[in-house]
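**Q** This is the structure alone, sequence omitted:
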C-alpha cells in the first residue's frame, strides 16, 4: 500500500496524526469525532485496514464482534449505555468518506429517523 492509499485512520493508529483517543486495545482504537453529530460521537476503528464493511471476510468475524463489544464498552464509559445509536456507512453512496471501516457511536441526544442523513 502506498502512502497515498494509507487512510486517515491508519495514520491516526500509527500516531502520525493526533486524535482524542477514548479507548484502545490490540484490535481497535476509539476516538472522538472531530465533526460530532451528537454531544457524544465516537468512532470505533479496527487496526486492520478494511476499507468497507463488505470487504470483511469470514476470518474477520472475531474482529467484527470485538468492534461491537467495544462500542458497548465506550457507550458505558461515556454514560450513554441506555440510549445510543450505532452507524456504519458502507460506500460513498451511503456517506462513507474515509475508506477504513469505522463505527459511529452517537449519544446524549434524542434521535429521529431524519438524523441519519448527516453521517
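**A** Thanks, I have it. Predicted model, so just to flag it, every value in this text is computed and none were measured. Numbers count the residues shown, from 1 in each chain.
**Q** Low-confidence bits of the chain, can you list those?
**A** 1-4, 114-119 (pLDDT under 70).
**Q** Strands of that one, start to end?
**A** With DSSP state E as the criterion, the chain has strands at 21-24, 28-32, 40-46, 84-87, 103-107.
**Q** how far out from the middle of the chain is the lengthiest helix in the chain?
**A** Of all segments of type helix in the chain, defined using DSSP state H, the longest is helix 61-77. The chain centroid and the centroid of helix 61-77 are separated by 10 Å under Cα atoms, centre = their mean, to the nearest Å.
**Q** for stretch 20-37, same thing?
**A** That offset, for stretch 20-37, works out to 7 Å (Cα atoms, centre = their mean).
**Q** related to what we said a few turns ago, mind listing what's buried in the longest helix of the chain?
**A** With burial defined by 16 or more other Cβ atoms under 10 Å, the residues of helix 61-77 counted as buried are 63, 66, 67, 70, 71, 73, 74, 75. C-betas here are computed from N, CA, C, even on glycine.
**Q** List just the nearest of those to residue 39.
**A** Set against residue 39, the nearest of those by Cβ to Cβ is residue 75 (12.9 Å).
**Q** Against residue 63, how distant is the closest one?
**A** Distance of residue 75 to residue 63, computed by Cβ to Cβ, to the nearest Å: 19 Å.
**Q** Quick one: neighbours of residue 5, just the number.
**A** Per other Cβ atoms under 10 Å, the neighbour tally for residue 5 reads 10.
**Q** Show me what residue 32 is bridged to.
**A** residue 42 (DSSP bridges).
**Q** Run through the residues that contact it.
**A** Applying Cβ atoms under 8 Å, 6 or more residues apart in numbering to residue 32 gives the contacts 19, 20, 22, 41, 42, 43.
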